[in-house]
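>>> the following comprises the amino acid sequence and a computationally predicted model.
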Amino acid sequence: MDRAAIRERLVSIVGADGVLDRPDELLVYEYDASDEVFAGHHHPDFVVLPRTAEQVSAIVRLANEVGLPVIPRGAGTGLAGGALALRGGILVVLTRMNRILEVNERDGYAVVEPGVINLELSNALQPRGYFFAPDPASQRACTIGGNVGNNSGGPHCLKYGVTTNHILGLEVVLPDGERIWTGGPVPETPGVDLTGVLVGSEGTLGIVTKVMVRLTRLPEAVSVLLAAFPDIESASHGTSAIIAAGILPAALEMMDHLTIKAVEDAFHAGYPREAGAVLLVELDGLQEIVTENTTRVAEICRQHGAWEVRVARTKEERDLLWLGRKSAFGAMGRLASNYYLVDTTVPRTKLPATMRRVEELSREYKLSIANVFHAGDGNLHPLVLFDRQRPGEVERVLECTTEILRYCVDVGGTLSGEHGIGFEKRDYMTLVFTTEDLCAMAGLKKSFDPRELFNPEKVLPSGFRCAEVGLFRQQALAQRLGLEYV
Ligand SMILES: Cc1cc2nc3c(=O)[nH]c(=O)nc-3n(C[C@H](O)[C@H](O)[C@H](O)COP(=O)(O)OP(=O)(O)OC[C@H]3O[C@@H](n4cnc5c(N)ncnc54)[C@H](O)[C@@H]3O)c2cc1C
């Protein structure tokens, strides 16, 4: 079928205002929030904006018929190149499917379309006494469908868990265009846990068209403390000590000196500029316990070297402290023209040693590195600052970030805490997974998507595409049995 005929069919499914294919219209969809220097920009053949699950299904059937790749996309705030059209194809943008369909307080769930913005869901639930707990720093822009795709995290995931802990069920259009429901309002459903498989699959197994989310009750009381430490090491020890004392903050975030300076210049959040590191600690729950834990956390921070501990007195003060943290990536423009954001996780006790290693690498590679991270989860975000115009700098950044990832994996950590693998980190998967592990993942992908049309080139490293799985299995088996594979 020629291009004009495909366009016509797409228009018949979603209407003329739901199909984009002029180069100027497509330009914005050639990128997501990952760094263009590393992920590149990739031109989809068509961008389609459906309004219903039936339309999504019809688009997918058409893509199958004409053999075009399908790439699901929410707001495009992903940081791993997950929503890029690497092989062209149809980019299915879910932002017009943005209705909250049902809120059921008695059974504790809401059903929403995938294009609902994360913060708008919590804002809508708030007057009823609830919120949606996963809160990525991008929550003002990112969609619930994207959160499901990336199994996103956020500051409050320390206490409440990441996206997968808040998804009860999903309506999904599979790569053959069939529509299924997984899970449901009852927490324990029998059979294979397809919801668990689909959350975090980064749009490689299907398109989520409805999401049943768990409602979380708003806490009775909230308190936010800011503790200023002389350096990252003492703040890291403070972090471990708070958790070891049996206190589970709702959030426990750390920012280093470089980040504090950038945030202060850009947003005037009231962070002490001279601090080597600050901890932002949010405690929530019953009033009495929050009051008691606020005092204990302040004491623990002082015992570990904090020279200033400030407790926000009003909601406005709390919001200002959080604004600084949630806008920290945006503030980096003050420090350098480019930054590469690393997303990795180490066991909490390895934080001080990991931060020392990051500092060493910063010196070794002559690159400034700012740090802002979910310290409570051990989820690091070193931001390697650079200037893409300087010769050799991009290569140095790549070497440096690879070293950081390698170190984190070596100390028992993993490749991503929340941003996903996408295209950008797929070739690092071999650092963490064995051939057998990757074959199992590729086998799963193949059972959902035998034609490899769904978000191709993502998550699995090159060499582990569906077609190669049989070969790898045989090689792995031969190796295990000590046989030569020919
Ligand atoms: C400033 C900034 C701060 C950020 N902070 C955080 C953070 O604290 N925590 C965090 O986890 N992330 C963070 N992110 C990354 C990103 O915002 C999140 O991963 C977010 O969940 C992506 O949502 P999105 O709607 O933009 O998805 P997109 O970027 O459009 O897509 C992300 C992935 O999900 C897939 N996808 C999207 N919609 C669907 C669907 N309906 N069905 C199936 N697959 C789908 C896509 O194919 C892609 O693989 C941040 C990003 C920025 C720019």
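Ah, there it is. Numbering: from 1, shown residues only.

>>> contact residues of this structure facing the ligand?
Contact residues, the chain versus the ligand (C-beta under 6 Å from any ligand atom): 32-33, 71-79, 82-83, 94, 114, 136-138, 142-143, 145-147, 149-150, 152-154, 202-203, 207-208, 329, 418-419, 422, 455. Where C-beta positions appear, they are placed from N, C-alpha and C, glycine not excepted.

>>> quick check: which ranges of this protein have low pLDDT?
Along the chain, segments meeting pLDDT under 70 span 465-486.

>>> centroid-nearest residue for it?
The residue lying closest to the centre of the chain (C-alpha atoms, centre = their mean) is His419, at 2.8 Å.

>>> neighbouring strands of whichever helix or strand Leu279 is part of in the sheet, and parallel or not?
Using DSSP states H and E, Leu279 falls within strand 277-285. Here strand 277-285 is paired, per DSSP bridges, with strand 221-229 (antiparallel), strand 251-256 (antiparallel).

>>> quick one: residues contacting Gly89.
When contacts are counted by C-beta atoms under 8 Å, 6 or more residues apart in numbering, Gly89 is found next to 44-46, 63, 68-71, 453.

>>> what segments of the stretch 151-300 of the chain are helices?
Using DSSP state H, counting those that start in this stretch, the helices found in the stretch 151-300 of the chain span residues 157-160, 194-198, 232-244, 257-267, 287-303.

>>> in JSON lines: the ones you listed, plus mean neighbour count.
Shown next, in JSON lines, are those (neighbours: other C-beta atoms under 10 Å):
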{"stretch": "helix 157-160", "mean neighbour count": "22"}
{"stretch": "helix 194-198", "mean neighbour count": "19"}
{"stretch": "helix 232-244", "mean neighbour count": "21"}
{"stretch": "helix 257-267", "mean neighbour count": "20"}
{"stretch": "helix 287-303", "mean neighbour count": "16"}
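
>>> Ser12 falls within a strand, correct?
No. Applying DSSP: H, G, I helix; E, B strand; the rest coil, one finds Ser12 to be helix, outside a strand.

>>> how close does it sit to the ligand?
In this view, Ser12 and the ligand are 22 Å apart by C-beta to the nearest ligand atom, to the nearest Å.

>>> one step back: who wins for proximity to Met429 among the helices of the stretch 151-300 of the chain?
If you check each of these against Met429 by C-beta to C-beta, helix 194-198 wins as the nearest, at 17.1 Å.

>>> the closest residue to the ligand within the stretch 201-350 of the chain: how many residues sit nearby?
Residue nearest to the ligand within the stretch 201-350 of the chain: Gly203 (2.6 Å; C-beta to the nearest ligand atom). Neighbours of Gly203 under the rule other C-beta atoms under 10 Å: 29.

>>> can you get me the start-to-end distance on stretch 454-463?
17 Å (C-alpha to C-alpha, to the nearest Å).

>>> thinking again about what came up before, list phi and psi for the residue of the stretch 201-350 of the chain closest to the ligand.
phi 70, psi 20 (degrees, to the nearest 10).

>>> skipping its backbone neighbours, what lies nearest it in space?
Pro72 (3.8 Å; C-beta to C-beta, 6 or more residues apart in numbering).

>>> again with Thr430
Excluding the flanking residues, the one nearest Thr430 by C-beta to C-beta, 6+ apart is Pro461, at 5.7 Å.

>>> any idea how far Ile59 lies from the ligand?
Ile59 is 13 Å from the ligand, by C-beta to the nearest ligand atom.

>>> done for today, thanks.
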